[in-house]
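*Asks:* Next comes the sequence, and after it the predicted model I'd like to discuss.
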Amino acid sequence: MIAALFMASGSASEVATALSSDQEATLAASSESFEFQAEVNRLMDIIINSLYKNKDIFLRELISNGSDALDKIRFLAVSDEAALASKKELEIKISFDKDARTLTITDSGIGMTKADLVANLGTVAKSGTTNFVEALSGDGADLSLIGQFGVGFYSVYLVADKVRVASKHNNDDQYIWESTADSSFTVAKDPRGNTLGRGSEITLFLKEDAGEFLDQSRLEDLIKRYSEFITFPISLYKSKTETVDVEDEDEEEESSGSDDLEVEDDEEEDDSKKSAKTETVTSWEWERVNTQSAIWTKDAKEVDDEAYKAFYKSISKDYSDPSTWIHFKAEGEVEFKSILFIPSQAPHDMYDNYYQKSAQLRLYVRKVLITDEFEDLVPRYLNFLRGVVDSDDLPLNVSRETLQQHKVLKVMGKKLVRKALEMLRKLASKNDGGDDEEDEEGEKKASDSDDELDEKDDPYIKFWEAFGKNIKLGIIEDAPNRSKLQKLLRFKSNKSGEGYVSLEQYVERMPEFQKNIYYISGESVDAVKNSPFLEKLKKKDLEVLYLVDPIDEYAIQHVTEFDGKKLQSASKEGLSFGDADEKTEKKRLDLYKEQYQPLTNYLKKLFDSKVGKVVVSPRVETTPCILVTSQYGNSANMERIMRSQAFSDPSKAQYMNSPKTMEINPRHPIIAELNRQVTANPEAEATADTAWLLYDTALLQSGFIQDDVDSFAVRMYRTMKGALKLDSLELEEEIAVPDEPESAPEEDLDEDDSDYSAGSDEL
């Protein structure tokens, strides 16, 4: 019954919510239309206090508006020369008054009529720029204007209680618009008359907490940060204080009436110079702030190396020249222009907070800075990049301070990464010589006049020593570009001398029989170059890469092969060489296995869980034995790194340790003698001690840590006992200490002291 009720209620609900076509028509005919009611004060509060994160953004918005106004009048002047008759200079000027607490931004742009002031500034989210572009769109105009939302102007209320806008348009008188960010504003004819000639003057009456914007250094920094590359000159009215000499009036009178007097001597002249009066004079003058040009908007052929270097220093605040750069224009799904630089030196804290640092790439929209803290444009491992990206296609939000996640950004990021890796690839092959090259996208890279460079002067080696860890991190993090990054890897090897070798060079030098790329990991070059793991490889004259950076083994796990050659660790089991002697060596190994079976069985039983198995080694030449790990287990070096990590858990060390295999050298006399002793007397304590000493030595020589120090110490002392032919290790009796002589009587000491004192007096 309950189920029936539910079914009944469901059916009734479905009938009640459905409308017939007649009912739909009746509903539409009888509907009344109303407009949403917006509380203007509340709306302004949202725009001012919720839209923008930083107060100082207001200056960027006002300068951008001024730049738009200048672009508009310049565009009109193309077809109407009289448009610039009232004022030919196209510029933006910024001044401040500390006493009146006002900040003024003036432009000589197109200006606004009275109707424009009411329509554009009196209507929230009404963009004059959008209207201007729409009005001219029929003429096929290609205007790159900045404003698009019509709310940037209202950011002034972040710092101002009241705003006054004076504007003069060629087709109207000069008017003043004024508002305090409430629900009303006023517009009146400017009683001063035409003071602007043409353009707009915005005066901000600053809040009490906005005094920082009356400091000329602060203003200059903000202009350079956000608007340094605006096309039009931006000038700041700056004060300059200097000390000047002032002539004393009394001295002038004396000098004028003393023609008959003798000339003063040199000393008197020096005294007069010292006593000269000075005073501090403050002068005010207009000084252009945006002196750096936006060279990324130019054709690469028009920019020389010195301009690139100067531009890099201006955006990076680095005193050194960049290592290299790439200048290109991307076209297709997204269009943008960019210059990417690689510094010549790494910051001292480069890897201290790796995951909190992003590349210092500045994102611009039509030369106006949007952000220099956007994290997701390029991968983290490219955080050493410096440069600019300017695009008209960036998906901005209204405040322009943040970027929306959008497929355009993903496409842009992929192109930037591709160009960055291409730049590094060219830098890596720079010592082959060559002049500046350009590709189909107008790309230009730094050149070097030397045809060939020594290893120590190779610019890529300098880059590698500074930022090599980043490339290895890229191997780990960036799977799609891993093949490109592999070509950028550099390692030292047993054949590289003091230099480095790339994987490509390694493969080129490989003998025909070699199938694998061999490497060995360790704490330092000195620690690995004499490793017993390399004995057979050296004998066969094979090259081995030295992985001595802690991150190397993490990275190499993601590089299973290169150019069809597998990478193989020299310190792990399963080592093969592939040469003509391998078959003969394998047969010989089988004979040795049979001969040394008593020893291998004995050692496996003795060492129990400390080793997985004991086998005859194909790789050692002069060392009695070594310990290797499984093909997919952690090497001794990796175990050391994992143990040293700050958050490693010692109780879990046994889980990170790989099973070890002991490989014995059948030709070594120690192994041969131990095999005979095991066969003759396997229960002898001396035989067991020798076997354990062999294990301990191999453990340390193979790079592992001795985890049972107490047992190791006992065995060593017992071995020393046998070497010294001692009967026992029991302690000898304590040495007897002779009794001390009785001290002299007190009166004798006093007498001696008095004699000494007397002697002292006589002296």
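*Replies:* Nice, thanks for sending it over.

*Asks:* so what secondary structure elements neighbour the helix or strand encompassing T243?
*Replies:* Secondary-structure assignment from DSSP states H and E places T243 in strand 234-246. Under the contact criterion of 3 or more CB pairs under 8 Å, 6 or more residues apart in numbering; DSSP states H and E, the helices and strands touching strand 234-246 comprise strand 92-97, helix 216-227, strand 277-288. Using the backbone N, CA and C atoms, a C-beta is placed for each residue, glycine as well.

*Asks:* Can you read off the pLDDT for Y519?
*Replies:* Per-residue confidence at Y519 stands at 93 (pLDDT).

*Asks:* how far away is the residue nearest the centre of the chain from S569?
*Replies:* Among the residues of the chain, N383 comes closest to the average C-alpha position under CA atoms, centre = their mean, at 2.6 Å. Summarising the geometry, the distance separating N383 from S569, computed by CB to CB, to the nearest Å, is 30 Å.

*Asks:* With F607 instead?
*Replies:* Taken as CB to CB, the spacing of F607 relative to S569 amounts to 23 Å.

*Asks:* Looking at those two, which one has more neighbours?
*Replies:* Comparing F607 with S569 by other CB atoms under 10 Å, the one with more neighbours is S569, at 24 against 18.

*Asks:* what residues are up against the more buried one?
*Replies:* Counting by CB atoms under 8 Å, 6 or more residues apart in numbering, S569 makes contact with Y518, Y519, I520, S521, S635.

*Asks:* try it again with 7 Å
*Replies:* When contacts are counted by CB atoms under 7 Å, 6 or more residues apart in numbering, S569 is found next to Y519, I520, S635.

*Asks:* How many neighbouring residues does the first one have?
*Replies:* A count of neighbours around Y519, defined by other CB under 10 Å, yields 23.

*Asks:* phi, psi of it?
*Replies:* Backbone torsions of Y519, given as degrees, to the nearest 10, read phi -150, psi 160.

*Asks:* Show me what it is bridged to.
*Replies:* L545, S569 (DSSP bridges).

*Asks:* isn't it right next to L547, touching?
*Replies:* Yes. Taking CB atoms under 7 Å as the definition, Y519 is a contact partner of L547 at 5.4 Å.

*Asks:* ok now stretch 516-533, how far from the chain's centre?
*Replies:* Going by CA atoms, centre = their mean, to the nearest Å, the spacing between the C-alpha centre of stretch 516-533 and its chain's C-alpha centre is 31 Å.

*Asks:* Which residues outside it are in contact with it?
*Replies:* Defining contact as CB under 7 Å, 6+ apart, one finds that stretch 516-533 is touched by 492, 494, 506, 534, 537, 542, 544-548, 552-553, 556, 562, 565-571, 619-620, 623, 626, 635, 637, 701, 703.

*Asks:* Narrow those residues to those in helices?
*Replies:* When DSSP state H is applied, the contacts of stretch 516-533 are split such that Y506, L537, D552, E553, I556, N637, Q701 fall in helices.

*Asks:* Columns neighbour count on top of the residues you listed, output as a markdown table?
*Replies:* Listed next are these as a markdown table, based on neighbours: other CB atoms under 10 Å:
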| residue | neighbour count |
| --- | --- |
| Y506 | 24 |
| L537 | 20 |
| D552 | 24 |
| E553 | 19 |
| I556 | 21 |
| N637 | 23 |
| Q701 | 16 |
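
*Asks:* filter the contacts of stretch 516-533 to the buried ones?
*Replies:* Buried by 16 or more other CB atoms under 10 Å: 492, 494, 506, 534, 537, 542, 544-548, 552-553, 556, 562, 565, 567-571, 619-620, 623, 626, 635, 637, 701, 703, out of these.

*Asks:* Reduced to three states, what does T690 come out as?
*Replies:* Reduced to three states with DSSP: H, G, I helix; E, B strand; the rest coil, the structure at T690 is helix.

*Asks:* Does it touch L674 like I think?
*Replies:* Yes. Under the criterion of CB under 7 Å, T690 makes contact with L674 at 6.0 Å.

*Asks:* between those two, which one's more packed in?
*Replies:* Set side by side, T690 and L674 show more neighbours around L674, with 22 against 19, by other CB under 10 Å.

*Asks:* and the helix or strand encompassing the more buried one, which residues are buried?
*Replies:* According to DSSP H and E, L674 maps onto helix 669-680. By neighbour count, and taking 16+ other CB under 10 Å as the criterion, the buried residues in helix 669-680 are I670, I671, A672, L674, N675, Q677, V678.

*Asks:* who's in contact with the first one?
*Replies:* Meaning I670. When the contact criterion is CB under 7 Å, 6+ apart, the partners of I670 are P624.

*Asks:* Distance of it relative to L603?
*Replies:* Distance check for I670 against L603: by CB to CB, it reads 13 Å.

*Asks:* Report the angle between the helix or strand where D590 lies and helix 669-680.
*Replies:* For D590, the host element (DSSP H and E) is helix 582-595. Put simply, helix 582-595 runs at 40 degrees to helix 669-680, going by axes from the mean of the first three to the mean of the last three CA atoms, to 10 degrees.

*Asks:* What's the end-to-end length of stretch 543-562?
*Replies:* By CA to CA, to the nearest Å, the extent of stretch 543-562 from end to end equals 15 Å.

*Asks:* Can you name the residues in contact with that stretch?
*Replies:* Contacts of stretch 543-562 from elsewhere in the structure, counted by CB under 7 Å, 6+ apart, are 469, 472, 475-476, 482, 486, 491-495, 503, 506-507, 509, 517-525, 528, 534, 537, 566-567, 570, 635, 637-638, 641.

*Asks:* so of those, which ones are in strands?
*Replies:* By the criterion of DSSP state E, membership of those in strands covers K492, S493, I517, Y518, Y519, I520, S521, K566, L567.

*Asks:* what's the distance between the first one and K565?
*Replies:* For K492, the distance to K565 (CB to CB) stands at 19 Å.

*Asks:* In the stretch 51-200 of the chain, what residue spans correspond to strands?
*Replies:* 92-97, 102-107, 160-168, 174-179, 185-189, 199-206 (DSSP state E, counting those that start in this stretch).

*Asks:* before we move on, what about the stretch 251-400 of the chain?
*Replies:* 277-288, 324-330, 336-342, 360-365, 368-371, 386-391.

*Asks:* Run a quick neighbour tally on K721.
*Replies:* 14.

*Asks:* can you tell me the average pLDDT over the helix or strand containing it?
*Replies:* In this assignment (DSSP H and E), K721 forms part of helix 709-723. When pLDDT is averaged along helix 709-723, the result is 85.
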